[in-house]
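Q: pasted the sequence and its predicted model underneath.
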Amino acid sequence: MTQNKYKQLVWDYNLSINDFKTILLGEKKIGSFDQDWAISRVLENFNYYDAMDIVPYKVLINRWSHVKEKLFNKAIKNGYEFLLQRYPVSIAG
């Protein structure tokens, strides 16, 4: 993730890029900043292609039931809901 993209995500918080990355990957929680919060920030602030470059697809699949409750934009929520229902990850792969 570039510094500019990072600034777009957390311009209103005092977090380092490394802290955000570790929160996003579920390796760290800082106060109320957890993995679901980080994923929702990415989904709501970037287009699909940029978001999928930042959030691993399997992470999105695994956390979706929690993340979708945090999304404010209904169109974004519905779009990702459609995507995840249409293109599920194989459990054999």
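A: Received the coordinates, thanks. Numbers count the residues shown, from 1 in each chain.
Q: strands of this protein, start to end?
A: Counting by DSSP state E, one finds no strands in the chain.
Q: pLDDT weak spots in it?
A: The model of the chain has pLDDT under 70 over residues 87-93.
Q: run a quick neighbour tally on residue 67.
A: 22 (other CB atoms under 10 Å). Every C-beta, even on glycine, is put in place using the N, C-alpha and C of the backbone.
Q: what segments of the chain are helices?
A: 3-10, 17-24, 35-45, 48-54, 57-67, 74-86 (DSSP state H).
Q: check these for me and report the most buried one.
A: helix 35-45 (a mean of 21; mean count of other CB atoms under 10 Å).
Q: any idea how far it is from the chain center?
A: 4 Å (CA atoms, centre = their mean, to the nearest Å).
Q: hmm, who's touching that helix?
A: Contact partners of helix 35-45, identified using CB atoms under 8 Å, 6 or more residues apart in numbering, comprise 8-10, 20, 23-26, 29, 51, 54-55, 59-60, 63, 66-67, 70-73, 76, 80.
Q: how much space separates residue 11 from residue 20?
A: Using CB to CB, to the nearest Å, residue 11 is found at 12 Å from residue 20.
Q: which residue is the nearest non-sequential neighbour of residue 79?
A: Nearest residue to residue 79, sequence neighbours excluded (CB to CB, 6 or more residues apart in numbering): residue 48, at 7.5 Å.
Q: setting aside sequence neighbours, what's the nearest residue to the residue nearest in space to the middle of the chain?
A: Centroid-nearest residue in the chain: residue 39, 1.8 Å away (criterion: CA atoms, centre = their mean). Closest residue to residue 39 apart from its sequence neighbours, by CB to CB, 6+ apart: residue 67 at 4.8 Å.
Q: residue contacts, the one you found?
A: Residue 67 makes contacts with 36, 39-40, 43, 60, as judged by CB under 8 Å, 6+ apart.
Q: now render these as TSV, adding distance to residue 84.
A: Putting the contacts of residue 67 into TSV (distance: CB to CB, whole Å) gives the following:
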residue	distance to residue 84
36	15
39	12
40	14
43	11
60	7
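Q: cheers, nothing more for now.
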